[in-house]
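*Asks:* A predicted structure for the sequence below; I have some questions about it.
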Amino acid sequence: MPIMKNVAGFICAVLVASFATASLAQEPIKVGAFLSITGGASFLGDPQAKTLKLYVDKINASGGVLGRKLQLITYDSQGDARQAVTFVRRLIEDDKVDFIIGGSTTGETMAVVPMVESAGLPFFSMAGASVVVEPPKKWVFKTPGSDRMAVDRIFGDMAKRGLKNVGLIAGSGGFDQSCRAEAKGLTGRHGITLVADETYAPTDTDMTPQFTRINGAKAQAILSCGFGAATVITVRNYKQLGLSAPFYFTHGVASQQFVDGSGGAAEGVRVTVSAILVADDLPADDKQRDVVMSYAKEYKAAFNERPSAFGGFAYDALQMTIAAIKRAGAMDKAKVRDEIEKTKDFVGIDGVFNLSAADHMGLTAEAFKLTEIKGGEWKLLQ
Amino acid sequence: MRPAAHTGQIAALAGFAGLLIAIPFLAPNAYFLDIATKTWINAIVCVGLNLLVGYAGQISLGHAAFFALGGYASAILGVRFNVPPVLAMLCGGCLVALLAYVIGRTMLHLRGHYLAMATLGFGAIVAIILNRELALTGGPDGMAVGPFQIAGYALPNAMSGYVLSAVGLLVAVRMAITLINSRAGRALRAINDSEIAAATLGIEVARFKVKVFVISAVFASVAGSIFAHADRFITPIEANFLRSVEFVAMVVIGGLGSVTGAIIGAIIFTILPQVFAHFEELRHFFTGALLIGIMAFMPQGVAPTLIALWCQRIAPRIFTNKADYAAP
Amino acid sequence: MSDLAQFLFSGLTRGSIYGLVGIGFALIYRSSHVINFAQGEFVMVGGMATVFLLAAGLPLPVAALGAIIVATLIGIAVQVLVIQRMRKPSTLSIIIVTVGVSMLLRGGAEALLGRQFFSMKGFSGDAPIPFLGAKLTPQSLWIFAGLILTTVAMSLFFRRTMLGKSILATSSNRLAARLVGIDVSLVLAICFALSAALGALAGLLTTPVTLTQYDVGIALGMKGFCAAILGGLTNPFGAVVGGLILGFAEALSGGYISSAYQDAVAFILIIGMLLVRPNGLFAGPAADRV
């Protein structure tokens, strides 16, 4: 009978439509990540990968974003620009991700920038050098405070203490050399003179010759640009030689591993760190306190390791993008990008972010806290 | 008198060219095309390295240095001195040829492990220089490279890299075949068998060794230039010892002394990391296990073993006419 | 003057580390003409295993012994299951296989123990010892002592024990050794085991200075290899001297010339050595069958 056919047809149409919308709603938002999980920069990429996995799972467990689950696709680019290019191409062309978080090192980030720009999807880099966002590129953002800010803070402190003759020691890796370049550029601003400029290879086992030269040049303070296991060796060598010039590090050593590994040799060393390492010392009204403490607790519970600032870079990138997606109302690449650019007062692990069209990083020097290691703990200096 | 190539080889080359042309149409997206590009770039290096290692029986654990130098020549000359890409590639090749000549003259009298170490040392020094000279090379973070253009005309990015690498590979294979079939090729094989015997036959051993070393270095240099333009970026990691070992492993695993083997080795080693990409912690473990497994079970290399398998076991079963063996 | 003393001590520390690692290379090469690119990983196993056994609560000597045993078993496994199975071992194929073994061991350590770095306390504390105007760490002395003891022990082993002489015989002419009743495969397995044990010893002695991580073997192996080449691949005693020369050269060039190219020193030295005296400082001229 015709009316039965119409009803049947109507029911079918409703069923089909609801399945269609249901499956559309089920289609996940794809998050692409390329990180230096192994290789020379695993110190950065390993906690970043863990952080992303932890928080993507958490977000999915609480319902996803705009009713859609997140699907995380991670590749290990091993600190190698060639692998980064291949994997980003894979993420864009084959996995068809909606946005990318990655590039633990500057080399890897800069290598993929042209591809990201021509493909047109938001990309949050976790590299330290200023060149990533200076000049700003349309689709490229970054979460870590730049090494220029860290060095600026340190030089400021040195100048305040009247330490004008500074010895510099840096590893030969990208992070270290970028920091070193910034240091050489910032000397004029603070009236600092670099009396020594030493290098070591990341796989070196003994840096006493370099420190002997720095000492011989009568350095009043020493700045070390480095990260990874070699920094532990440098601080031990410094202690071994009994040097008295105050020793400063940038955030490359901002992890508990550095303090524990140095076994007491790091006492008195001053480091620019992000809030996560001094969470307990933050005043109760500090905006970052809650975010940082809950991240630290969750990371420790999940992985049984102390959290590092580097994992925090990934947390900030993910949360800022998610917030932007929610504000945009849909996973539309261009709209999300615009919303990311409008991020204001976002309280993250690395600082409080205020982005704009001219500033795709959004942090000020306030993001870096100057600390001194006392009793194996990070003590905030005011 | 001196066949530049046998008919069978020409046919195989034509077939291979056909495959190379077909791939852009078969590739589902630009990622697969990129993998193919990287494969052919590695294959160019391997074909050259195979001449040195497979035919002439020498060792080089520093060939990535030539690759990187070619890439950096294209990068530096192009970006800092505005030299057109083709000219930069040629300059890179010439510089590398000169360097390889000097290195070859000084080192190739060494044998076996000693030659391995000497080439390793050379490669490591080049890698360190590329890493430290910030002003020239951009240091450890590398430098961006311009697109490959001929007279201002360039193909869209992924295709540009592919066409370059495919053309480069065809040229490389043709040159390799020509060399192998020539008198020089036979001299190389004689040297491989026994240097002393070759010398007593009047072959100028040192001259041939240096010649093939230079040729293989230039192959690597051109491949490096193509790579620099394909990825539009280059870092000092390209000169790494581990990269050199990868190239040697490709040649050995594919099959020493076989141009096909060199290409197959490049294919295996470029595709494998992509296949293993989602294995997380066990990736290195599996790659190592695979290397060991192939060397243990296919010591001649994949290509010769498979060809032997085909010729000795499978083809006879397919192509034998049972009637020929009927009882009289 | 005190600067020079400090550079020399730095050279002594590094040189001892390189020498300890290099002995293992030389030992394996001497017995089976194999360049073992996985030697650095034995050092890594020694360090990592010791750290973990210490963390499990074992006292240092027990942990050290445990680490050495673990490494020895791995060494035996490599020789028996991998190298011995190879039907046509050429220089190149052995290089590739041992590279594969090193990746396997690295990957295994990465999967089992993670990617962070680990440290260990010095055996007798970390308080620097002043000497001749320079400051030395106690662990450097332990490393140097380990080096001397190992060299002496090996020398006695090769000259006085039956097993040592069998190893020398095997390396000299494998067929003849078989003919006089030496079990060649057993001897080769023992050599690998010994080399692995020495690598592990190097690892646990040096970890308080170098720290340990799943990929620490790559760089240490490379430097140890350079040390062995300098001393002549066939001579373990030469590896020790080669290591010390390398260490001093690095420290002095870093101290007096420039620290920027310090890690190139090793490679410049070996290229120089290979061009001038390819067989190293301590091996005699080599003869090849024509």
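*Replies:* Okay, I see it.
*Asks:* Report the contact partners of residue C:214.
*Replies:* Neighbouring residues of residue C:214 by CB atoms under 8 Å, 6 or more residues apart in numbering or on different chains: C:44, C:48, C:106, C:109, C:110, C:113, C:114, C:115. In short, each C-beta sits where N, CA and C put it, glycine included.
*Asks:* For those residues, which single residue is the most surrounded?
*Replies:* residue C:44 (30 neighbours; other CB atoms under 10 Å in any protein chain shown).
*Asks:* Work out for me the element that one sits within.
*Replies:* helix C:39-55 (DSSP states H and E).
*Asks:* Find out how far that helix is from the centre of the chain, if you would.
*Replies:* 13 Å (CA atoms, centre = their mean, to the nearest Å).
*Asks:* Next: stretch C:80-96.
*Replies:* 21 Å.
*Asks:* what comes into contact with that stretch?
*Replies:* So stretch C:80-96 is contacted by B:53, B:59, B:61, B:112-113, B:116, B:245, B:248-249, B:252-253, B:256, B:291-292, B:295-296, B:299-300, C:32, C:34-35, C:37, C:97, C:101, C:185, C:188-189, C:192 (CB under 8 Å, 6+ apart).
*Asks:* And for stretch C:64-71?
*Replies:* For stretch C:64-71, the surrounding residues in contact (CB under 8 Å, 6+ apart) are C:42, C:45-50, C:53, C:58, C:196-197, C:199-201, C:203-204.
*Asks:* picking that back up, restricted to strands, list the contacts of stretch C:80-96.
*Replies:* Using DSSP state E, no member of the contacts of stretch C:80-96 falls within strands.
*Asks:* So which of those residues are in helices?
*Replies:* B:112-113, B:116, B:245, B:248-249, B:252-253, B:291-292, B:295-296, C:32, C:97, C:101, C:185, C:188-189, C:192 (DSSP state H).
*Asks:* List buried residues within the residues you listed.
*Replies:* Among the ones in helices among the contacts of stretch C:80-96, those scoring as buried are B:112-113, B:116, B:245, B:248-249, B:252-253, B:291-292, B:295-296, C:32, C:97, C:101, C:188-189, C:192 (criterion: 16 or more other CB atoms under 10 Å in any protein chain shown).
*Asks:* Can you tell me the element the closest residue to chain C within chain A falls in?
*Replies:* When distances are taken as CB to the nearest CB, chain A reaches nearest to chain C at residue A:203, 3.3 Å away. Under the assignment given by DSSP H and E, residue A:203 is not contained in any helix or strand.
*Asks:* Surely it touches residue C:219?
*Replies:* Yes. Using CB atoms under 8 Å, residue A:203 makes contact with residue C:219 at a distance of 3.3 Å.
*Asks:* For these two, indicate the residue with more neighbours.
*Replies:* residue A:203 (20 against 17).
*Asks:* if I pick residue A:133, what's in contact with it?
*Replies:* A:140, A:141, A:142, A:359, A:360, A:361.
*Asks:* right, and out of those, which lies closest to residue B:78?
*Replies:* Nearest to residue B:78 among these, counting by CB to CB, is residue A:140 at 23.2 Å.
*Asks:* how many neighbours does the closest one have?
*Replies:* 22.
*Asks:* Skip the chain neighbours and tell me the closest residue to it.
*Replies:* Among residues not flanking residue A:140 along the chain, residue A:123 sits closest, at 5.2 Å (CB to CB, 6 or more residues apart in numbering or on different chains).
*Asks:* Now do that neighbour, the pLDDT please.
*Replies:* We have a pLDDT of 96 for residue A:123.
*Asks:* Against residue C:2, how distant is residue C:133?
*Replies:* Noted for residue C:133: a distance of 3 Å to residue C:2, by CB to CB, to the nearest Å.
*Asks:* ugh, wrong one, I meant residue A:312
*Replies:* 43 Å.
*Asks:* Those two: which is more packed in?
*Replies:* residue A:312 (30 against 14).
*Asks:* Wait, the more buried one touches residue A:350, no?
*Replies:* Yes. At 5.4 Å, residue A:312 counts as touching residue A:350 under the criterion of CB under 8 Å.
*Asks:* Please enumerate the shared neighbours of those two.
*Replies:* residue A:274.
*Asks:* Give me the phi and psi for residue C:246.
*Replies:* phi -60, psi -50 (degrees, to the nearest 10).
*Asks:* What are the neighbouring residues in contact with residue 260?
*Replies:* Looking at chain A here, since you left the chain open. Residues in contact with residue A:260 (CB under 8 Å, 6+ apart) are A:376, C:119.
*Asks:* Let me rephrase: I mean chain B.
*Replies:* B:12, B:254, B:303.
*Asks:* nearest to residue B:158, of those?
*Replies:* Among these, and counting by CB to CB, the member closest to residue B:158 is residue B:254, at 25.7 Å.
*Asks:* Tell me which two of the contacts of residue A:133 sit farthest apart.
*Replies:* The farthest-apart pair in the contacts of residue A:133, when distances are taken by CB to CB, is A:140 and A:359, at 12.3 Å.
*Asks:* Stretch A:178-193: which residues count as buried?
*Replies:* A:178, A:179, A:180, A:181, A:182, A:183, A:186, A:187, A:190, A:192.
*Asks:* isn't there a helix covering the second one?
*Replies:* Yes. Membership of residue A:179 in a helix is supported by DSSP: H, G, I helix; E, B strand; the rest coil.
*Asks:* Apart from its neighbours in sequence, what residue is nearest it?
*Replies:* Leaving aside its chain neighbours, residue A:179 sits nearest to residue A:225 (3.5 Å; criterion: CB to CB, 6+ apart).
*Asks:* Could you list the low-pLDDT ranges of the stretch 201-328 of chain B?
*Replies:* Counting by pLDDT under 70, the stretch 201-328 of chain B contains low-confidence ranges at B:322-328.
*Asks:* Can you tell me which residues in it are near chain A?
*Replies:* By CB under 8 Å from any CB of the partner chain, the part of the stretch 201-328 of chain B that sits against chain A consists of B:227, B:231-235, B:237-238, B:273-274, B:277, B:280, B:283-284.
*Asks:* any chance you could map the helices in the stretch 51-200 of chain B?
*Replies:* For the stretch 51-200 of chain B, the helices defined by DSSP state H, counting those that start in this stretch occupy B:63-81, B:85-107, B:112-132, B:134-137, B:157-181, B:183-193, B:195-200.
*Asks:* How about chain A?
*Replies:* Going by DSSP H, chain A shows helices at A:2-26, A:42-61, A:81-89, A:106-119, A:147-160, A:174-190, A:208-216, A:229-240, A:256-262, A:289-303, A:309-328, A:333-341.
*Asks:* hang on, the earlier thing: just checking: which of the contacts of residue C:214 also lie near chain A?
*Replies:* C:110, C:115.
*Asks:* coming back round to it: for the residue of chain A closest to chain C, give me the pLDDT.
*Replies:* 86.
*Asks:* list the contacts for it?
*Replies:* A:230, C:218, C:219, C:220, C:263.
*Asks:* Can you tell me the element the third one falls in?
*Replies:* It stands for residue C:219. Going by DSSP H and E, residue C:219 is in helix C:216-231.
*Asks:* now that helix and helix C:39-55, what's the angle there?
*Replies:* 130 degrees (axes from the mean of the first three to the mean of the last three CA atoms, to 10 degrees).
*Asks:* what's the angle between helix C:216-231 and helix B:112-132?
*Replies:* 120 degrees.
*Asks:* What is helix C:216-231 packed up against?
*Replies:* helix B:112-132, helix C:2-32, helix C:39-55, helix C:91-113, helix C:184-210, helix C:236-256, helix C:265-276 (3 or more CB pairs under 8 Å, 6 or more residues apart in numbering or on different chains; DSSP states H and E).
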